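>>> Coordinates for the following, if possible.
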Amino acid sequence: MTLLSRRRFAALSLSTLAAPMILSKGAWAQGKEIQIGIWGGSQGEFVRKNIIPQFEADFGCTVIAEEGFTLANVGKMQATKANPKFSVMFIDDVAIPTCRAEGLIEELPVVDMPAAAHLMPRFAYDGWGTGVAISVAGLFHNTSIEAPKTYAELWGDAYRGKLKLVSPKNTPSVFFLIVAAAVKSGKPFAEAQYLIDDSFDQVEALKPNIMNLFDNGPQAANEVAQGQADIGLMELSKYVYPYAAKGAPITMAFPAEGSFGGNNCQVLVKGGPNRDLAVAFMNRMLEAQVQKSFSEFALTAPPVSGIAFEEPTLKYIAYPETQMDSRGLFNPDWNFINTRRSAWTERMNGIFAV
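Coordinates of the predicted model:
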């Protein structure tokens, strides 16, 4: 089977990917079983209760779902590499380069995934995974506070002791480091990410304005909504907007320099059991109706184009793709960052005495 480059992946038409045998509902899937690693929390519960049962009914199969988070799910693949137990794994995009380099995953047979015809190229990961749910990372603030127009303003005296900063151990801390490098250098995020090593003086300069650190995004959002702090940085919209949708006085802000993608993804485990069924499940996760219902529940954007949403949902998601562009959605170079992140975390820990 020919595996596709990113350019060819983006150019494929629906007719090119139309209905291969693997996805027809028939005897081939009857009685088969796969084990998948999904997210914990409300998103994982939605997959378990609303997506998996229908897939099992349609294909006459069994899907065993085990909840976890990105690092834990990567660890499960590493621990079972010699005898794979899982077939599909949900991880964040940050981990895809590591999984690929370690031979834990395989390139997707997109010719067997008709729903991938509408996958946005930025969420195709060179064919080694797909996006599933897209959040936007930026500032979150109480609606009684006017958000800064630029990130650089956060270093001003007006914010002394009024900011909550994400913990160095959380992925959005990398976004903060890129912001600090951009503020110091005046470079766009795409260039500033390579200047982080020389920007820790800028990181330290923000220390007087930091009230405390947080490692629980939903809890931090709730505290800002209650007025315990003015602004939090950086966090994913999926942890903030559910409070806003319930009427809490909190919202997100995306300053002029841009925002960051927080991308929940799926990958195909190399050598995993019942590969054909695993591919069918990954395709199901990209189908328009599944993506629509999941997005409306989680307030995350789909990685596929062509889905219509009502205004109450569009208010909270960066969709369609033009909305991602208007918010300056930036996806970092995780290949570069992952080799340095441990050292950066230690330096942040030292600055903020974690």
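>>> element containing G75?
Per DSSP states H and E: G75 is located in helix 70-79.
>>> Quick check: buried residues in that helix?
By neighbour count on 16 or more other Cβ atoms under 10 Å, the buried set for helix 70-79 is T70, N73, V74, K76, M77. C-beta here means a position set from N, CA and C on the backbone, and glycine is covered the same way.
>>> my guess is the second one contacts V94, does it?
Going back to what we said before, that points to N73. No - contact criterion Cβ atoms under 8 Å: N73 and V94 do not qualify, at 12.0 Å.
>>> Identify the contacts common to the two.
Common neighbours of N73 and V94 are not found (criterion: Cβ atoms under 8 Å, 6 or more residues apart in numbering).
>>> which of the buried residues of helix 70-79 lies closest to G247?
When the buried residues of helix 70-79 are ranked by distance to G247 (Cβ to Cβ), T70 comes first, at 31.1 Å.
>>> ok, now which ones touch that closest one?
Here T70 is in contact with I91, D92, V94, A95 (Cβ under 8 Å, 6+ apart).
>>> Please tabulate those residues in JSON lines and include pLDDT as additional columns.
Shown next, in JSON lines, are the contacts of T70 (pLDDT from 0 to 100):
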{"residue": "I91", "pLDDT": "98"}
{"residue": "D92", "pLDDT": "97"}
{"residue": "V94", "pLDDT": "97"}
{"residue": "A95", "pLDDT": "98"}
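>>> Farthest-apart pair in those residues, please.
I91 and V94 (8.1 Å).
>>> so where's the stretch 251-354 of the chain shaky on pLDDT?
354 (pLDDT under 70).
>>> That one: strands as residue ranges?
Along the stretch 251-354 of the chain, the stretches classed as strands by DSSP state E, counting those that start in this stretch are 259-268, 329-330.
>>> Tell me the gap between the first one and the middle of its chain.
Looking back up the chat, that one is strand 259-268. Relative to the chain's own centre, strand 259-268 is displaced by 3 Å; criterion: Cα atoms, centre = their mean, to the nearest Å.
>>> mind exporting it as PDB, just the C-alpha atoms?
The C-alpha trace of strand 259-268 is given here as PDB (Å, rounded to 0.1, in the frame of the first residue of the first chain):
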ATOM      1  CA  SER A 259      -2.000  31.900  19.900                       C
ATOM      2  CA  PHE A 260      -1.000  28.200  20.200                       C
ATOM      3  CA  GLY A 261      -2.600  25.000  19.100                       C
ATOM      4  CA  GLY A 262      -3.300  22.400  21.800                       C
ATOM      5  CA  ASN A 263      -3.900  19.400  19.600                       C
ATOM      6  CA  ASN A 264      -5.300  16.100  20.900                       C
ATOM      7  CA  CYS A 265      -4.400  13.400  18.300                       C
ATOM      8  CA  GLN A 266      -4.600   9.800  17.500                       C
ATOM      9  CA  VAL A 267      -1.900   7.400  16.300                       C
ATOM     10  CA  LEU A 268      -1.800   3.900  14.900                       C
END
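>>> Before I go, just wanted to say thanks for your time.
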